[in-house]
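Asks: I would like the atomic coordinates for the input below:
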Amino acid sequence: MSNISDLKVTLVQSPLHWEDIGANLAMFEEKIWQIGQPTDLIVLPEMFSTGFSMNATKLAEQMGLRTFKWMKQMSAQSEATLFGSFIASERGKYFNRAIAMNPDGSYDQYDKRHPFSLGREHELYAAGKKKVIFELKGWKICPLICYDLRFPVWSRNRFIEGHLEYDILVCIASWPKPRISAWDTLLKARAIENLSYAIGVNRIGVDGNELNHVGHSAIYDYLGDTVCDLEDQEIMQTSSLNYTELKEFREKLPFHLDADHFEIKT
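Replies: Below you'll find the predicted structure:
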């Protein structure tokens, strides 16, 4: 039996104030205080402080400044790891960067690997080069951002040195309504094929480009069964993930032992 405890995860499904960092930070601060129960991981949408904007020259922030400091403060006050992405500027480049901020001020960062070329994201934002696995209370977590969800090779849960790389896949998004069926299907598929929990948090509401978003934030388990589904409501929900059940499933049905071996060149 595993001594890794259950992980409490809070999904925050919300509309966003278009390109208004102050309004979004104030809104999410209020929402975080309204959670009202202990939780280990709070997940916000992609570019939660601005909406999915190409106006990086105006909105980008260097590490350690406004949004980063806010995440550090909110993580410490809520005593939970806070996960979400914002527009980051570093060495003259822009990144769609996710931060997993811990209450002690330590953090992990992940830059979106697959900029959305149909939205010209690749013309402005640099692609991430590194697959990231961060750890929370013994759980190993693999972050993705929106379009990354369509590319299963990048997030494949490889069996290395006697164990799978991660236990939870978490994807934050600005996934529009016309393709929401793909979001539902791909998130569930990533859970099944990787023998992991899959968490997806998508925004709701209309953005500054008149694109409508209908949420469908959800958690699926390793069988593809629904742990929670927020549908299209402005809502927060906390769910508990069980490590022992995951471990026992992997031992009983070790599909990963028959997986192909490969390397990704970046």
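
Asks: What is the neighbour count of Ala83?
Replies: Rather than Ala, residue 83 is Phe. When neighbours are counted by other Cβ atoms under 10 Å, Phe83 registers 28. All C-beta atoms are positioned from the backbone trio N, CA, C, and that covers glycine.

Asks: meant to ask about Glu30, not that
Replies: For Glu30, the count of nearby residues is 9 (other Cβ under 10 Å).

Asks: what about it, is that helix, strand or coil?
Replies: Of the three states, Glu30 takes helix under DSSP: H, G, I helix; E, B strand; the rest coil.

Asks: State the three-state secondary structure for Thr39.
Replies: Secondary structure for Thr39, judged by three-state DSSP, is coil.

Asks: okay, and the helix or strand of the chain with the least pLDDT?
Replies: Lowest mean confidence among the helices and strands of the chain (mean pLDDT, DSSP states H and E): strand 159-160, at a mean of 92.

Asks: what are the pairing partners of it, and which direction each?
Replies: strand 163-164 (antiparallel) (DSSP bridges).

Asks: contacting residues around the partner strand?
Replies: Asn157, Arg158, Asn194, Leu195, Ser196, Arg250, His256 (Cβ atoms under 8 Å, 6 or more residues apart in numbering).

Asks: now the residues you listed in JSON lines, with secondary structure?
Replies: Shown next, in JSON lines, are these (three-state DSSP):
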{"residue": "Asn157", "secondary structure": "coil"}
{"residue": "Arg158", "secondary structure": "coil"}
{"residue": "Asn194", "secondary structure": "coil"}
{"residue": "Leu195", "secondary structure": "coil"}
{"residue": "Ser196", "secondary structure": "coil"}
{"residue": "Arg250", "secondary structure": "helix"}
{"residue": "His256", "secondary structure": "helix"}
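
Asks: Could you work out the most separated pair of the residues you listed?
Replies: The span of the contacts of strand 163-164, defined through Cβ to Cβ, is set by Arg158 and Arg250 at 13.7 Å.

Asks: what residue ranges in the chain score low on pLDDT?
Replies: Scanning the chain for pLDDT under 70 picks out 1-2.

Asks: try 90
Replies: 1-3, 117-123, 161, 261-266 (pLDDT under 90).

Asks: Which one of the contacts of strand 163-164 is nearest to Cys228?
Replies: Here the nearest of the contacts of strand 163-164 to Cys228, counting by Cβ to Cβ, is Ser196; it sits at 15.9 Å.

Asks: and the closest one, what does it touch?
Replies: Neighbours of Ser196 in contact, by Cβ under 8 Å, 6+ apart: Cys142, Asn157, Leu164, Tyr166, Asp167, Ile168, Leu169, Arg190, Tyr222, Leu246.
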